[in-house]
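Undergrad: sequence plus the predicted model coming up.
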Amino acid sequence: MPGFDLARLCAARFPAERGPKTVGMILLQHGVFSFGDSARESYERMIDLVTRARITWPKHSAWNIVSPALTPGPVPLRRELAQLRHDARNWAASP
């Protein structure tokens, strides 16, 4: 969900879903957000939440993502890139 729509949804749902011990929330594909009465408190809670996740999740096999082996693709030649830039510049300048 894009930023503005997500912010509106969070503003509408968060007050009803938070509890007295809520210190943050996790939004899929957006990350962890932590709250506090000051920037320092919010930062310290963020560090605590991430630290707890790094310790706890592997114990429960909740964070066992296997990354595929990356193989570099073909490296374009400099002349091909120069020609591409030249063509793009000429295309952009044409009416």
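TA: All right, it came through fine. Numbers count the residues shown, from 1 in each chain.

Undergrad: residue ranges of the strands in this protein, please?
TA: Ranges of strands in the chain, per DSSP state E, are 24-27, 31-34.

Undergrad: got TSV for those strands, with mean neighbour count, mean pLDDT and distance to L84 too?
TA: C-betas here are computed from N, CA, C, even on glycine. Listed next are the strands of the chain as TSV, based on neighbours: other C-beta atoms under 10 Å; pLDDT from 0 to 100; distance: least, C-beta to C-beta, whole Å:
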stretch	mean neighbour count	mean pLDDT	distance to L84
strand 24-27	14	85	38
strand 31-34	14	87	35
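
Undergrad: dump these into TSV; add distance to I55 as well.
TA: Below are these laid out as TSV (distance: least, C-beta to C-beta, whole Å):
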stretch	distance to I55
strand 24-27	16
strand 31-34	15
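
Undergrad: I'd like to know which of these lies nearest to E80.
TA: Among the strands of the chain, the nearest to E80 by C-beta to C-beta is strand 31-34 (37.7 Å).

Undergrad: so how far is that closest one from its chain's centroid?
TA: 10 Å (C-alpha atoms, centre = their mean, to the nearest Å).

Undergrad: ok, that strand: who's next to it in the sheet?
TA: According to DSSP bridges, strand 31-34 forms sheet pairs with strand 24-27 (antiparallel).

Undergrad: how about the contacts made by the residue positioned nearest the centre of the chain?
TA: Compute the mean C-alpha point of the chain, and by C-alpha atoms, centre = their mean the closest residue is H30, 4.5 Å away. The neighbours of H30, taking C-beta atoms under 8 Å, 6 or more residues apart in numbering as the test, are L6.
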